[in-house]
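K.L.:
Predicted model follows, preceded by the sequence.
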Amino acid sequence: MKITTFLTFVGDQCGKAQEAIDFYTSIFPNSKIKSIIKYQDGEAGGTPELIKYGVFTLNGADYMVSESSYKHAWSFSPGVSLFVECKSENEIQSLFEKLSSNGGQIMIPLDNYDSGDYGFGKKFGWCEDKYGVSWQLNLP
């Protein structure tokens, strides 16, 4: 059995999946786009410029993606987030800045937790990127 995170871009985010994939694969090491399949002209759920189904890898882990032009009553939620264990101060700082900038938002500022930490590590931050995907970054 294999479990893979699946990101569905709908509503205001529909049409931004390719941009998001390009952004994510550019900032995480050992990352690449494995496949992208677009909707056919006239196919239900999307138009030829939208991703029907795609797979990309971030630091060796696969993610699946799709876009839907249907009107959905949901989108991304911070209740589900991607948790990133960083290896250095520079790495956590750089990733947090890139993910939270250009229209993203900071939910918990990146800070040191010498006393009363969250139990994860010595530095932690939580942000949402400009695509609405929520990220928790931790330096154990």
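P.N.:
Yep, that arrived. Note that the structure is a prediction, hence the values are computed from the model and not measured.

K.L.:
ok, and the closest non-adjacent residue to Val55?
P.N.:
Distances taken as CB to CB, 6 or more residues apart in numbering place Lys34 nearest to Val55, at 4.3 Å, with adjacent residues excluded. C-beta coordinates here come from the backbone N, C-alpha and C atoms, glycine included.

K.L.:
no no, Phe6
P.N.:
Once flanking residues are discounted, Phe6 sits nearest to Met64: 4.4 Å by CB to CB, 6+ apart.

K.L.:
how about the strands in the chain?
P.N.:
5-9, 32-38, 51-58, 61-67, 81-85, 105-112, 123-128, 134-139 (DSSP state E).

K.L.:
Lys98 and Ile27: what is the separation?
P.N.:
Using CB to CB, to the nearest Å, Lys98 is found at 5 Å from Ile27.

K.L.:
who does the helix or strand of the chain with the lowest mean pLDDT touch, helix- and strand-wise?
P.N.:
None of the helices or strands of the chain scores lower by mean pLDDT, DSSP states H and E than strand 105-112, at a mean of 88. Secondary-structure packing of strand 105-112 (3 or more CB pairs under 8 Å, 6 or more residues apart in numbering; DSSP states H and E): helix 89-100, strand 123-128.
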